[in-house]
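Visitor: how would this look folded up:
(one chain, ligands or ions: 2)
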Amino acid sequence: MSTKDFVEKDYYKVLGVPKDATDAEIKKAYRKLAREFHPDANKGDDKAEERFKEISEANDVLGDSKKRKEYDEARALFGNGGFRAGPGGAGGNFNFDLGDLFGGTQGGGQGGAAGGFGGGGLGDVFGGLFNRGGTGTRVQPRRGQDIESEVTLSFTEAVEGATVPLRMSSQAPCKACSGTGDKNGTPRVCPTCLGTGQVSRGTGGGFSLTDPCVDCKGRGLIAQDPCDVCKGSGRAKSSKTMQVRIPAGVSDNQRIRLRGKGGPGERGGPAGDLYVVVHVDAHPVFGRKGDNLTVTVPVDFTEAALGGEVKVPTLGGPPVTLKLPAGTPNGRTMRARGKGAVRKDGTRGDLLVTVEVKVPGDLSNEARDALEAYRKATAGQDPRAELFQAAKGA
Ligand SMILES: [Zn+2]
Ligand SMILES: [Zn+2]
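Guide: Ligands and ions are numbered 1, 2, ... in the order given. Presented below is the predicted three-dimensional model:
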(Lines give C-alpha, C1' and ligand atoms only; values in the text may rest on other atoms or scores of the structure.)
(Ligands and ions follow the chains in the order given, each with its own letter.)
Protein backbone atom coordinates (compact mmCIF):
# COMPACT_ATOMS: atom_id res chain seq x y z
CA MET A 1 0.00 0.00 0.00
CA SER A 2 1.65 3.18 -1.09
CA THR A 3 0.75 6.57 0.21
CA LYS A 4 -0.23 7.44 -3.33
CA ASP A 5 -2.93 4.76 -3.16
CA PHE A 6 -4.09 6.28 0.07
CA VAL A 7 -4.60 9.59 -1.56
CA GLU A 8 -6.00 8.54 -4.89
CA LYS A 9 -8.40 5.80 -3.96
CA ASP A 10 -11.71 6.53 -2.33
CA TYR A 11 -12.23 3.47 -0.20
CA TYR A 12 -15.42 4.88 1.27
CA LYS A 13 -16.85 5.11 -2.19
CA VAL A 14 -15.73 1.57 -2.97
CA LEU A 15 -17.67 0.25 0.03
CA GLY A 16 -20.52 2.72 -0.47
CA VAL A 17 -20.34 4.05 3.05
CA PRO A 18 -20.16 7.66 4.25
CA LYS A 19 -16.92 9.07 5.64
CA ASP A 20 -18.29 8.92 9.16
CA ALA A 21 -19.53 5.33 8.91
CA THR A 22 -19.20 3.29 12.07
CA ASP A 23 -17.01 0.19 12.16
CA ALA A 24 -20.17 -1.92 12.16
CA GLU A 25 -21.51 -0.18 9.05
CA ILE A 26 -18.23 -0.72 7.25
CA LYS A 27 -18.17 -4.37 8.23
CA LYS A 28 -21.74 -4.83 7.07
CA ALA A 29 -21.15 -3.05 3.76
CA TYR A 30 -18.02 -5.09 3.15
CA ARG A 31 -19.72 -8.40 3.85
CA LYS A 32 -22.60 -7.62 1.59
CA LEU A 33 -20.36 -6.58 -1.31
CA ALA A 34 -17.89 -9.39 -0.75
CA ARG A 35 -20.73 -11.90 -1.02
CA GLU A 36 -22.06 -10.25 -4.14
CA PHE A 37 -18.73 -10.06 -5.97
CA HIS A 38 -17.03 -13.13 -4.59
CA PRO A 39 -15.17 -14.97 -7.39
CA ASP A 40 -16.94 -18.21 -6.43
CA ALA A 41 -20.27 -16.59 -7.17
CA ASN A 42 -19.04 -14.90 -10.37
CA LYS A 43 -16.97 -17.51 -12.13
CA GLY A 44 -15.14 -16.12 -15.15
CA ASP A 45 -16.41 -12.59 -14.59
CA ASP A 46 -13.27 -10.43 -14.65
CA LYS A 47 -15.09 -7.28 -13.69
CA ALA A 48 -16.53 -8.90 -10.59
CA GLU A 49 -13.07 -10.17 -9.69
CA GLU A 50 -11.60 -6.72 -10.09
CA ARG A 51 -14.36 -5.27 -7.96
CA PHE A 52 -13.82 -7.95 -5.35
CA LYS A 53 -10.14 -6.98 -5.13
CA GLU A 54 -11.06 -3.34 -4.71
CA ILE A 55 -13.56 -4.20 -2.01
CA SER A 56 -11.02 -6.32 -0.14
CA GLU A 57 -8.42 -3.60 -0.38
CA ALA A 58 -10.85 -0.98 0.89
CA ASN A 59 -11.82 -3.23 3.76
CA ASP A 60 -8.17 -3.86 4.64
CA VAL A 61 -7.81 -0.17 5.28
CA LEU A 62 -11.20 0.95 6.58
CA GLY A 63 -11.68 -2.22 8.61
CA ASP A 64 -8.54 -1.53 10.60
CA SER A 65 -8.99 1.47 12.85
CA LYS A 66 -5.29 2.37 12.81
CA LYS A 67 -5.01 2.19 9.03
CA ARG A 68 -8.28 4.00 8.63
CA LYS A 69 -7.04 6.88 10.76
CA GLU A 70 -3.87 7.16 8.73
CA TYR A 71 -5.89 7.03 5.54
CA ASP A 72 -8.30 9.73 6.70
CA GLU A 73 -5.44 11.94 7.70
CA ALA A 74 -3.59 11.45 4.45
CA ARG A 75 -6.71 12.31 2.52
CA ALA A 76 -7.51 15.30 4.67
CA LEU A 77 -4.01 16.51 3.98
CA PHE A 78 -4.16 15.97 0.26
CA GLY A 79 -7.77 16.59 -0.44
CA ASN A 80 -9.34 13.47 -1.95
CA GLY A 81 -6.80 13.03 -4.66
CA GLY A 82 -7.63 16.50 -5.89
CA PHE A 83 -4.04 17.62 -5.90
CA ARG A 84 -3.45 17.40 -9.56
CA ALA A 85 -2.31 20.37 -11.47
CA GLY A 86 -5.43 21.53 -13.19
CA PRO A 87 -5.99 23.81 -16.13
CA GLY A 88 -3.71 26.75 -15.68
CA GLY A 89 -1.37 24.76 -13.54
CA ALA A 90 1.98 23.50 -14.61
CA GLY A 91 0.42 20.46 -16.26
CA GLY A 92 1.04 16.82 -15.51
CA ASN A 93 0.19 14.95 -12.41
CA PHE A 94 0.96 15.85 -8.89
CA ASN A 95 3.96 13.73 -8.20
CA PHE A 96 6.27 14.88 -5.51
CA ASP A 97 7.38 12.26 -3.11
CA LEU A 98 4.59 11.59 -0.68
CA GLY A 99 6.78 9.06 1.05
CA ASP A 100 8.79 11.83 2.60
CA LEU A 101 5.77 13.20 4.32
CA PHE A 102 4.77 9.91 5.79
CA GLY A 103 8.18 8.61 6.61
CA GLY A 104 8.49 10.95 9.51
CA THR A 105 11.43 12.75 8.01
CA GLN A 106 9.62 16.04 8.19
CA GLY A 107 9.53 16.07 11.93
CA GLY A 108 6.46 16.89 14.01
CA GLY A 109 4.21 19.87 13.69
CA GLN A 110 4.71 20.78 10.11
CA GLY A 111 2.00 23.36 10.39
CA GLY A 112 0.01 22.28 7.41
CA ALA A 113 0.23 20.64 4.07
CA ALA A 114 2.19 23.51 2.66
CA GLY A 115 5.05 22.68 4.94
CA GLY A 116 5.64 19.46 3.11
CA PHE A 117 5.59 20.73 -0.41
CA GLY A 118 9.12 22.02 -0.48
CA GLY A 119 10.27 24.45 -3.10
CA GLY A 120 8.29 24.49 -6.29
CA GLY A 121 5.23 22.47 -5.30
CA LEU A 122 2.92 25.25 -4.29
CA GLY A 123 2.58 26.85 -7.66
CA ASP A 124 1.52 23.60 -9.29
CA VAL A 125 -0.98 22.86 -6.68
CA PHE A 126 -2.59 26.22 -6.24
CA GLY A 127 -2.03 27.83 -9.58
CA GLY A 128 -4.72 29.18 -11.75
CA LEU A 129 -8.37 28.94 -10.86
CA PHE A 130 -8.88 32.35 -9.40
CA ASN A 131 -6.56 34.22 -11.65
CA ARG A 132 -9.45 36.41 -12.68
CA GLY A 133 -9.72 37.57 -9.11
CA GLY A 134 -6.17 38.68 -9.23
CA THR A 135 -5.05 36.42 -6.42
CA GLY A 136 -3.13 34.05 -8.60
CA THR A 137 -4.16 31.14 -6.47
CA ARG A 138 -6.29 28.13 -7.36
CA VAL A 139 -8.64 26.38 -5.02
CA GLN A 140 -9.56 22.77 -5.55
CA PRO A 141 -13.03 21.60 -6.43
CA ARG A 142 -14.93 20.12 -3.56
CA ARG A 143 -17.36 17.21 -3.64
CA GLY A 144 -20.84 17.95 -2.37
CA GLN A 145 -22.02 16.66 0.96
CA ASP A 146 -23.60 13.28 1.43
CA ILE A 147 -27.11 13.77 2.67
CA GLU A 148 -29.08 11.34 4.72
CA SER A 149 -32.83 11.28 4.66
CA GLU A 150 -35.60 9.03 5.86
CA VAL A 151 -38.77 7.75 4.37
CA THR A 152 -41.57 5.60 5.74
CA LEU A 153 -43.23 3.13 3.41
CA SER A 154 -46.31 1.04 3.84
CA PHE A 155 -45.70 -2.68 4.00
CA THR A 156 -47.04 -3.12 0.48
CA GLU A 157 -44.91 -0.30 -0.95
CA ALA A 158 -41.81 -1.93 0.52
CA VAL A 159 -42.69 -5.26 -1.08
CA GLU A 160 -43.68 -3.87 -4.48
CA GLY A 161 -41.34 -0.87 -4.70
CA ALA A 162 -42.60 2.71 -4.80
CA THR A 163 -41.79 6.18 -5.99
CA VAL A 164 -42.09 8.54 -3.07
CA PRO A 165 -41.65 12.30 -2.74
CA LEU A 166 -38.73 13.21 -0.54
CA ARG A 167 -38.46 16.75 0.73
CA MET A 168 -34.93 17.77 1.41
CA SER A 169 -33.23 20.89 2.51
CA SER A 170 -29.66 21.22 1.43
CA GLN A 171 -26.92 23.75 1.17
CA ALA A 172 -26.93 25.01 -2.39
CA PRO A 173 -24.55 27.61 -3.75
CA CYS A 174 -25.91 31.14 -3.21
CA LYS A 175 -27.40 32.36 -6.49
CA ALA A 176 -26.62 36.02 -5.89
CA CYS A 177 -22.86 35.49 -5.75
CA SER A 178 -22.60 32.18 -7.62
CA GLY A 179 -21.42 30.55 -4.42
CA THR A 180 -18.33 32.68 -4.05
CA GLY A 181 -19.65 34.57 -1.02
CA ASP A 182 -18.35 37.76 -2.57
CA LYS A 183 -20.48 40.53 -4.02
CA ASN A 184 -18.26 40.86 -7.07
CA GLY A 185 -17.50 37.18 -7.36
CA THR A 186 -13.87 37.74 -6.44
CA PRO A 187 -13.17 36.19 -3.07
CA ARG A 188 -9.61 35.92 -1.92
CA VAL A 189 -7.95 32.76 -0.81
CA CYS A 190 -7.90 32.35 2.94
CA PRO A 191 -4.43 33.28 4.14
CA THR A 192 -4.70 31.03 7.18
CA CYS A 193 -5.19 27.75 5.34
CA LEU A 194 -3.94 28.82 1.91
CA GLY A 195 -7.21 27.74 0.37
CA THR A 196 -7.27 24.18 1.61
CA GLY A 197 -10.03 24.89 4.12
CA GLN A 198 -8.10 22.88 6.67
CA VAL A 199 -5.40 23.63 9.18
CA SER A 200 -3.08 21.09 10.70
CA ARG A 201 -1.73 20.84 14.14
CA GLY A 202 1.27 18.74 14.92
CA THR A 203 0.93 15.64 17.03
CA GLY A 204 4.65 15.38 17.64
CA GLY A 205 4.98 12.07 15.85
CA GLY A 206 5.69 13.23 12.34
CA PHE A 207 1.97 13.33 11.68
CA SER A 208 -0.42 16.16 11.92
CA LEU A 209 -4.16 16.24 12.50
CA THR A 210 -6.33 18.48 10.41
CA ASP A 211 -9.25 20.63 11.51
CA PRO A 212 -11.53 22.80 9.41
CA CYS A 213 -10.09 26.27 9.13
CA VAL A 214 -11.83 28.64 11.53
CA ASP A 215 -11.14 31.80 9.56
CA CYS A 216 -12.88 30.68 6.38
CA LYS A 217 -15.14 28.04 7.97
CA GLY A 218 -13.50 25.37 5.87
CA ARG A 219 -14.27 26.98 2.53
CA GLY A 220 -10.75 28.05 1.68
CA LEU A 221 -12.10 31.41 0.49
CA ILE A 222 -12.86 34.67 2.21
CA ALA A 223 -15.13 37.29 0.71
CA GLN A 224 -13.52 40.66 0.13
CA ASP A 225 -16.90 42.31 -0.08
CA PRO A 226 -19.38 39.89 1.50
CA CYS A 227 -22.50 39.05 -0.46
CA ASP A 228 -25.61 40.57 1.13
CA VAL A 229 -27.76 37.54 0.46
CA CYS A 230 -25.60 34.84 2.05
CA LYS A 231 -23.50 37.11 4.31
CA GLY A 232 -20.36 35.80 2.68
CA SER A 233 -20.96 32.11 3.28
CA GLY A 234 -21.53 31.41 -0.41
CA ARG A 235 -24.32 29.03 0.52
CA ALA A 236 -28.04 29.23 0.55
CA LYS A 237 -30.51 26.86 2.07
CA SER A 238 -32.58 25.33 -0.62
CA SER A 239 -35.36 22.92 -0.10
CA LYS A 240 -36.67 20.80 -2.87
CA THR A 241 -38.88 17.81 -3.27
CA MET A 242 -37.44 14.93 -5.20
CA GLN A 243 -39.21 11.89 -6.50
CA VAL A 244 -37.20 8.98 -5.25
CA ARG A 245 -37.60 5.47 -6.57
CA ILE A 246 -37.38 2.92 -3.79
CA PRO A 247 -36.74 -0.52 -5.27
CA ALA A 248 -39.02 -3.45 -4.54
CA GLY A 249 -38.14 -5.67 -1.63
CA VAL A 250 -36.57 -3.16 0.75
CA SER A 251 -36.69 -4.05 4.39
CA ASP A 252 -37.14 -2.01 7.52
CA ASN A 253 -34.11 0.16 8.40
CA GLN A 254 -32.40 -0.54 5.09
CA ARG A 255 -30.19 2.27 3.84
CA ILE A 256 -30.38 3.01 0.14
CA ARG A 257 -27.74 5.00 -1.68
CA LEU A 258 -28.66 7.29 -4.55
CA ARG A 259 -25.48 8.32 -6.24
CA GLY A 260 -25.08 12.02 -7.04
CA LYS A 261 -28.40 13.00 -5.43
CA GLY A 262 -26.77 14.60 -2.42
CA GLY A 263 -25.47 18.11 -1.90
CA PRO A 264 -24.11 19.98 -4.92
CA GLY A 265 -20.35 20.12 -5.37
CA GLU A 266 -18.43 23.34 -5.12
CA ARG A 267 -16.15 24.82 -7.73
CA GLY A 268 -16.82 22.07 -10.22
CA GLY A 269 -16.72 19.20 -7.75
CA PRO A 270 -19.17 16.30 -8.11
CA ALA A 271 -22.40 16.16 -6.15
CA GLY A 272 -22.54 14.08 -3.00
CA ASP A 273 -24.73 11.05 -2.53
CA LEU A 274 -28.12 10.76 -0.96
CA TYR A 275 -28.71 8.00 1.55
CA VAL A 276 -32.29 7.14 2.33
CA VAL A 277 -33.08 5.13 5.43
CA VAL A 278 -36.31 3.27 4.81
CA HIS A 279 -38.79 2.54 7.54
CA VAL A 280 -41.49 0.04 6.79
CA ASP A 281 -44.83 0.03 8.54
CA ALA A 282 -46.06 -3.27 9.90
CA HIS A 283 -48.94 -5.03 8.14
CA PRO A 284 -51.88 -6.28 10.21
CA VAL A 285 -51.75 -9.68 8.51
CA PHE A 286 -48.52 -10.26 6.65
CA GLY A 287 -44.96 -10.38 7.89
CA ARG A 288 -41.60 -10.44 6.07
CA LYS A 289 -38.74 -12.91 6.24
CA GLY A 290 -36.27 -11.77 3.61
CA ASP A 291 -37.89 -12.46 0.23
CA ASN A 292 -40.68 -14.45 1.80
CA LEU A 293 -43.90 -13.17 3.25
CA THR A 294 -45.48 -14.84 6.24
CA VAL A 295 -49.08 -15.24 7.29
CA THR A 296 -50.80 -17.20 10.05
CA VAL A 297 -54.02 -18.88 9.03
CA PRO A 298 -56.56 -20.22 11.51
CA VAL A 299 -58.01 -23.65 10.73
CA ASP A 300 -60.46 -25.57 12.84
CA PHE A 301 -59.79 -28.91 14.41
CA THR A 302 -61.70 -30.91 11.83
CA GLU A 303 -59.81 -29.25 8.93
CA ALA A 304 -56.50 -30.10 10.60
CA ALA A 305 -57.56 -33.64 11.50
CA LEU A 306 -59.46 -34.59 8.35
CA GLY A 307 -57.59 -32.44 5.85
CA GLY A 308 -59.19 -30.01 3.46
CA GLU A 309 -58.73 -27.03 1.22
CA VAL A 310 -57.97 -23.74 2.88
CA LYS A 311 -58.22 -20.34 1.22
CA VAL A 312 -55.30 -18.09 2.08
CA PRO A 313 -55.10 -14.32 1.40
CA THR A 314 -52.11 -13.00 -0.54
CA LEU A 315 -50.66 -9.49 -0.54
CA GLY A 316 -52.31 -7.53 -3.32
CA GLY A 317 -53.45 -10.58 -5.26
CA PRO A 318 -56.29 -13.09 -5.34
CA PRO A 319 -56.39 -15.69 -2.55
CA VAL A 320 -54.65 -19.00 -3.08
CA THR A 321 -56.02 -22.37 -2.06
CA LEU A 322 -53.79 -24.64 -0.01
CA LYS A 323 -54.38 -28.37 0.36
CA LEU A 324 -54.20 -29.24 4.02
CA PRO A 325 -53.20 -32.90 4.44
CA ALA A 326 -55.16 -34.96 6.98
CA GLY A 327 -53.46 -34.87 10.37
CA THR A 328 -51.78 -31.47 9.96
CA PRO A 329 -50.37 -30.45 13.33
CA ASN A 330 -50.80 -26.99 14.81
CA GLY A 331 -47.97 -24.65 13.83
CA ARG A 332 -47.04 -26.43 10.59
CA THR A 333 -45.80 -24.04 7.91
CA MET A 334 -46.65 -24.53 4.28
CA ARG A 335 -45.39 -22.72 1.24
CA ALA A 336 -47.30 -20.90 -1.48
CA ARG A 337 -44.64 -20.48 -4.14
CA GLY A 338 -44.11 -17.14 -5.83
CA LYS A 339 -46.52 -15.26 -3.57
CA GLY A 340 -43.82 -13.50 -1.56
CA ALA A 341 -41.85 -10.26 -1.90
CA VAL A 342 -40.33 -9.10 -5.18
CA ARG A 343 -36.63 -9.91 -5.51
CA LYS A 344 -33.96 -7.87 -7.27
CA ASP A 345 -34.29 -9.99 -10.40
CA GLY A 346 -38.05 -9.50 -10.55
CA THR A 347 -38.99 -12.99 -9.35
CA ARG A 348 -40.86 -13.39 -6.12
CA GLY A 349 -40.23 -15.20 -2.87
CA ASP A 350 -42.82 -17.45 -1.30
CA LEU A 351 -45.69 -16.98 1.08
CA LEU A 352 -45.08 -19.02 4.22
CA VAL A 353 -48.42 -20.07 5.64
CA THR A 354 -48.46 -21.17 9.26
CA VAL A 355 -51.45 -23.17 10.40
CA GLU A 356 -53.03 -22.29 13.73
CA VAL A 357 -55.61 -24.73 15.01
CA LYS A 358 -58.50 -22.82 16.58
CA VAL A 359 -60.41 -24.22 19.52
CA PRO A 360 -64.08 -23.20 19.43
CA GLY A 361 -65.20 -21.13 22.39
CA ASP A 362 -68.92 -21.48 21.93
CA LEU A 363 -70.45 -24.83 21.04
CA SER A 364 -73.94 -25.42 19.79
CA ASN A 365 -75.74 -28.38 21.33
CA GLU A 366 -75.31 -30.31 18.14
CA ALA A 367 -71.57 -29.60 18.03
CA ARG A 368 -71.17 -30.53 21.68
CA ASP A 369 -72.98 -33.87 21.09
CA ALA A 370 -70.71 -34.56 18.14
CA LEU A 371 -67.60 -33.84 20.22
CA GLU A 372 -68.90 -36.00 23.09
CA ALA A 373 -69.32 -38.79 20.57
CA TYR A 374 -65.79 -38.14 19.35
CA ARG A 375 -64.48 -38.32 22.90
CA LYS A 376 -66.17 -41.68 23.35
CA ALA A 377 -64.75 -42.94 20.09
CA THR A 378 -61.19 -42.00 21.12
CA ALA A 379 -61.43 -43.12 24.74
CA GLY A 380 -58.30 -44.84 25.87
CA GLN A 381 -56.02 -42.76 23.68
CA ASP A 382 -53.87 -40.77 26.05
CA PRO A 383 -52.32 -37.77 24.24
CA ARG A 384 -49.76 -37.43 27.04
CA ALA A 385 -48.63 -41.05 27.14
CA GLU A 386 -45.46 -40.31 25.16
CA LEU A 387 -44.69 -37.28 27.26
CA PHE A 388 -44.73 -39.27 30.47
CA GLN A 389 -42.76 -42.10 28.90
CA ALA A 390 -40.10 -39.63 27.74
CA ALA A 391 -40.03 -37.86 31.11
CA LYS A 392 -39.03 -41.11 32.77
CA GLY A 393 -36.11 -41.81 30.49
CA ALA A 394 -32.60 -40.29 30.70
ZN1 LIG B 1 -9.04 29.18 5.85
ZN1 LIG C 1 -24.13 35.04 -1.75
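
Visitor: helices of this protein, start to end?
Guide: Ranges of helices within the chain are 3-8, 11-15, 23-37, 46-62, 65-78, 98-102, 114-117, 121-126, 155-160, 301-306, 365-377, 385-392, based on DSSP state H.

Visitor: can you redo the ones you listed as a markdown table with mean neighbour count?
Guide: Yep, even glycine has a C-beta here, placed from its N, CA and C like the rest. Compiled in a markdown table, the helices of the chain are given as follows (neighbours: other CB atoms under 10 Å):
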| stretch | mean neighbour count |
| --- | --- |
| helix 3-8 | 18 |
| helix 11-15 | 22 |
| helix 23-37 | 16 |
| helix 46-62 | 17 |
| helix 65-78 | 17 |
| helix 98-102 | 17 |
| helix 114-117 | 18 |
| helix 121-126 | 20 |
| helix 155-160 | 20 |
| helix 301-306 | 16 |
| helix 365-377 | 10 |
| helix 385-392 | 9 |
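
Visitor: now these in JSON lines, with mean pLDDT and distance to D182?
Guide: Conversion of the helices of the chain to JSON lines gives the following (pLDDT from 0 to 100; distance: least, CB to CB, whole Å):
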{"stretch": "helix 3-8", "mean pLDDT": "60", "distance to D182": "30"}
{"stretch": "helix 11-15", "mean pLDDT": "88", "distance to D182": "32"}
{"stretch": "helix 23-37", "mean pLDDT": "87", "distance to D182": "39"}
{"stretch": "helix 46-62", "mean pLDDT": "86", "distance to D182": "38"}
{"stretch": "helix 65-78", "mean pLDDT": "76", "distance to D182": "26"}
{"stretch": "helix 98-102", "mean pLDDT": "34", "distance to D182": "33"}
{"stretch": "helix 114-117", "mean pLDDT": "34", "distance to D182": "23"}
{"stretch": "helix 121-126", "mean pLDDT": "33", "distance to D182": "18"}
{"stretch": "helix 155-160", "mean pLDDT": "91", "distance to D182": "46"}
{"stretch": "helix 301-306", "mean pLDDT": "94", "distance to D182": "79"}
{"stretch": "helix 365-377", "mean pLDDT": "94", "distance to D182": "88"}
{"stretch": "helix 385-392", "mean pLDDT": "91", "distance to D182": "85"}
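
Visitor: tell me which of these sits nearest to T314.
Guide: helix 155-160 (10.9 Å; CB to CB).

Visitor: residue numbers of this structure in contact with ligand 2?
Guide: Taking CB under 5 Å from the ion as the test, the list of the chain residues beside ligand 2 reads 174, 176-177, 227, 229-230.

Visitor: identify the bridge partners of the residue lying closest to E148 once chain neighbours are set aside.
Guide: The spatially closest residue to E148, leaving aside those adjacent along the chain, is Y275, at 4.6 Å (CB to CB, 6 or more residues apart in numbering). When bridges are taken as DSSP bridges, the partners of Y275 come out as E148, R257.

Visitor: gap between the two ends of stretch 374-389?
Guide: Between the opening and closing residues of stretch 374-389 lies a distance of 25 Å (CA to CA, to the nearest Å).

Visitor: what does it contact?
Guide: Judged by CB atoms under 8 Å, 6 or more residues apart in numbering, stretch 374-389 makes no contacts with residues elsewhere in the structure.

Visitor: make it 10 Å
Guide: For stretch 374-389, the surrounding residues in contact (CB atoms under 10 Å, 6 or more residues apart in numbering) are 301-302, 305, 391.

Visitor: before we move on, what about stretch 20-31?
Guide: The list of residues contacting stretch 20-31 from outside it, by CB under 10 Å, 6+ apart, reads 11-12, 14-18, 55-56, 58-65, 68, 146, 255, 257.

Visitor: centre of the chain versus it, how much separation?
Guide: In terms of CA atoms, centre = their mean, to the nearest Å, the centre of stretch 20-31 is found 9 Å from the chain centre.

Visitor: try stretch 167-182
Guide: The offset between the C-alpha centroid of stretch 167-182 and the centroid of the whole chain comes to 26 Å, using CA atoms, centre = their mean.

Visitor: endpoint to endpoint, it covers what distance?
Guide: Terminal residues of stretch 167-182 are spaced 29 Å apart (CA to CA).

Visitor: for the residue lying closest to N184 once chain neighbours are set aside, grab phi and psi.
Guide: Counting by CB to CB, 6+ apart, the nearest residue to N184 once its immediate chain neighbours are dropped is D225, at 6.0 Å. When quoted as degrees, to the nearest 10, the phi and psi of D225 stand at phi -130, psi 90.
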